[in-house]
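K.L.:
could you look at this predicted model? Sequence included:
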Amino acid sequence: MAVRIEGQHAWILHARAWRESSLLLDCLTLEHGRIGLVARGVRRERTRLPRGLLQPLQPLLLAWTGRGELGTLTAAESAGPPVMLAAERLYAAIYLNELVLRLTDRGDAQPALHAHYALCLHRLGAGEPAAWTLRRFERDLFAELGYALVLATEHDHVTPIAAAGDYAYFPDSGAVRWQGQRDAVRIGGAALQALAADRLPDAAALGELRRLSRAMILHLLGGRALNAWALVEPAR
């Protein structure tokens, strides 16, 4: 029996043409996680669905029917003004959407992730530093996926991270004192402490955190890169 869902808060992560007149949508929803929907007939000249709303950066209320991995969109309405982004911040949002698409599974309900995603877009729209905004989102995303970064202590979960310390960070275990280790990210204790405290670090530490996030993402994706990494350096 088909399930009917109505009034679900959602963001569109990606939309692409499907068949002659429809769209395939990947959406992040509040109560159902990431889902796939078919918006039938919306590319026709006349359609009952508001095609202009079916795009990223627009908060939506969606309704759909179906079962399995792909449902059929039945209604869509605005849930607020779109997030207006340009240049570096627009590239940051493209990166954000690919990150969620690649690292989450369909049908895995994660309301907290939906909130983190909306907050990240809000911060980008409000003019907060794009790179720092993404690092905070990545930290929260890793935690929601069960791969939380260990930021306050070394890998033994006992020895505190020292601000002046120099560390090797291993994605699957955490930080140890730097001794020229291979297959690890070199990062300063001040950078780890800043991310733990949600405190904007200096440019050098921010670059270290970017390398840490990239290593984590590659680890989770089995070494496969994100397409968005080729876009703009500051937003990565």
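P.N.:
Looks like it arrived, so ask away. Numbering: from 1, shown residues only.

K.L.:
now residue 68: how far from residue 148?
P.N.:
The gap separating residue 68 from residue 148 is 31 Å, by CB to CB, to the nearest Å. All C-beta atoms are positioned from the backbone trio N, CA, C, and that covers glycine.

K.L.:
and residue 191, by the same measure?
P.N.:
17 Å.

K.L.:
neighbour count for the two, which is higher?
P.N.:
For residue 191 and residue 148, the more surrounded residue by other CB atoms under 10 Å is residue 191, and the numbers stand at 26 against 12.

K.L.:
pretty sure that one sits against residue 203.
P.N.:
No: Residue 191 lies out of contact with residue 203 (CB atoms under 8 Å); the separation is 10.9 Å.

K.L.:
can you pull the contacts of residue 154?
P.N.:
Shown in contact with residue 154 (CB atoms under 8 Å, 6 or more residues apart in numbering): 160, 161, 167, 174, 175, 176, 177.

K.L.:
can you list contacts of the lengthiest strand in the chain?
P.N.:
Using DSSP state E to define each element, the chain has its longest strand at strand 3-18. With CB under 8 Å, 6+ apart as the test, strand 3-18 has contacts from 23-32, 34, 38-39, 43, 54-67, 71, 74-75, 79, 97, 100-101, 114, 117-118, 121.

K.L.:
are any of these buried, and which?
P.N.:
Buried by 16 or more other CB atoms under 10 Å: 23, 25-30, 32, 34, 38-39, 54, 56-64, 66, 71, 74, 79, 97, 100, 114, 117-118, 121, out of these.

K.L.:
circling back: how far off strand 3-18 does whichever helix or strand comes after the longest strand of the chain point, in degrees?
P.N.:
Note on strand 3-18: by DSSP states H and E, the next helix or strand toward the C-terminus is strand 22-29. Put simply, strand 22-29 runs at 130 degrees to strand 3-18, going by axes from the mean of the first three to the mean of the last three CA atoms, to 10 degrees.

K.L.:
list the strands paired with strand 22-29, with their directions.
P.N.:
Taking DSSP bridges as the criterion, strand 22-29 pairs within the sheet with strand 3-18 (antiparallel), strand 33-39 (antiparallel).
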